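Chemist: What follows is a predicted protein model with its sequence.
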Amino acid sequence: MSTSPYIFDITADNFDEIILQGSQSVPVLVDFWAPWCQPCKTLMPTLASLADAYQGKFILAKINTEEEQALATQFGIRSIPTVKLFKDGEAIDEFMGALPESEVRAFLERHIPRDSDNLIAQAELLIEQGKTAEAIPLIESARESDPDSPRVLLAYAKLKAALGDIDQAEEVLSELPTDEQDKPEILSLRARFDFNRIAHAAPEKEALKQLLAADGNQSEARYQLAAREVLEQAYEKALELLLQLMLKDRVYGDDAARKGMLAIFNILGGSGELVTRFRGRMFNALH
């Protein structure tokens, strides 16, 4: 039994208290291991050392799969070591095998609250409220205290976009680690930036509608109007315009209509009724 206040041996009796309830307030890293498993013996000192180093920012919970087979079965453990991270009572991420300390630390950093997180949360709320000037010193403070945090870089990119500097915002996003680049939030932001750039270079919304009313074959006006609808979060209207454009003028802008629809799907997180419906309509239009 560990003497560390941050490490617990888990049984069926204390599973709910330590993992399900405990992860409501602090992340819990659950190590499924067995006494005969050599990679488990390699990994365990690394996890224990990190638990002490992080001083309570996460809890390490160890489950001996030989003694707690029901828990191993409940979580579908087929290979050990398997390490799952719990937050708010749910397993939200995992890795398998005896990773080196640097990779385990990188895994933890994606989920463990940092001192800069509170500053970022306040700043993003101010940006959403249109109080961009008040958000600037908060984000600058976060950058000074935690310059390598992907969360800080992401917030800085959002700030630059809110200030109208889309090119700088995209440059900031490019500084994110490679494993962050394909995350849904990053893909969504990049898509928004593209539509922002199109809309800001376009005529006003009413002027675009008048152009289309006079001539329904105005492909550029239809595309620009879709971008303006995206800025107003009128995603269904934007998708309808882009689908019409795809049907009328597939070659416009090197297949810009289809690419625009895919970009909106990214903005919407790639799922949901609207995405499903328009993805089906797009597929039918292509065949």
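Modeler: Arrived safely. Residues are numbered from 1 along each chain as shown.
Chemist: Spell out the residue ranges of the helices in the stretch 101-250 of the chain.
Modeler: 101-109, 117-128, 132-145, 150-162, 166-173, 184-200, 205-214, 219-231, 235-248 (DSSP state H, counting those that start in this stretch).
Chemist: quick one: low-confidence parts of this structure?
Modeler: Where the chain drops to pLDDT under 70, the residues are 1-2.
Chemist: Would you mind splitting it into its domains for me?
Modeler: Following automatic domain parsing, one gets these domains for the chain: 7-109, 117-181, 199-286.
Chemist: if we compare those, which one ends up closest to A191?
Modeler: Distance to A191, taken as CB to CB, is lowest for domain 199-286 among the domains of the chain, at 3.8 Å. The way it works is simple: take the backbone N, C-alpha and C, and place the C-beta from them, glycine included.
Chemist: How far does the closest one stretch from one end to the other?
Modeler: Using CA to CA, to the nearest Å, one end of domain 199-286 lies 26 Å from the other.
Chemist: How far off centre is that domain?
Modeler: 25 Å (CA atoms, centre = their mean, to the nearest Å).
Chemist: thinking again about what came up before, of all the domains of the chain, which one comes closest to S188?
Modeler: Using CB to CB, the domains of the chain put domain 199-286 closest to S188, at 4.8 Å.
Chemist: what number of residues lie near the nearest residue to F193 once chain neighbours are set aside?
Modeler: Closest residue to F193 apart from its sequence neighbours, by CB to CB, 6 or more residues apart in numbering: I166 at 5.0 Å. I166 has 17 neighbouring residues, counting by other CB atoms under 10 Å.
Chemist: how about I166, what does it touch?
Modeler: 160, 193, 196-197, 200 (CB atoms under 8 Å, 6 or more residues apart in numbering).
Chemist: swap in G260?
Modeler: 195, 223, 226-227, 238, 242.
Chemist: Is M246 in contact with N284, as I believe?
Modeler: No - at 11.1 Å, M246 and N284 do not qualify as touching, with contact defined as CB atoms under 8 Å.
Chemist: what helices or strands is whatever helix or strand A91 lives in leaning on?
Modeler: Using DSSP states H and E, A91 maps to strand 90-96. Applying 3 or more CB pairs under 8 Å, 6 or more residues apart in numbering; DSSP states H and E, we find strand 90-96 packed against strand 82-87, helix 101-109.
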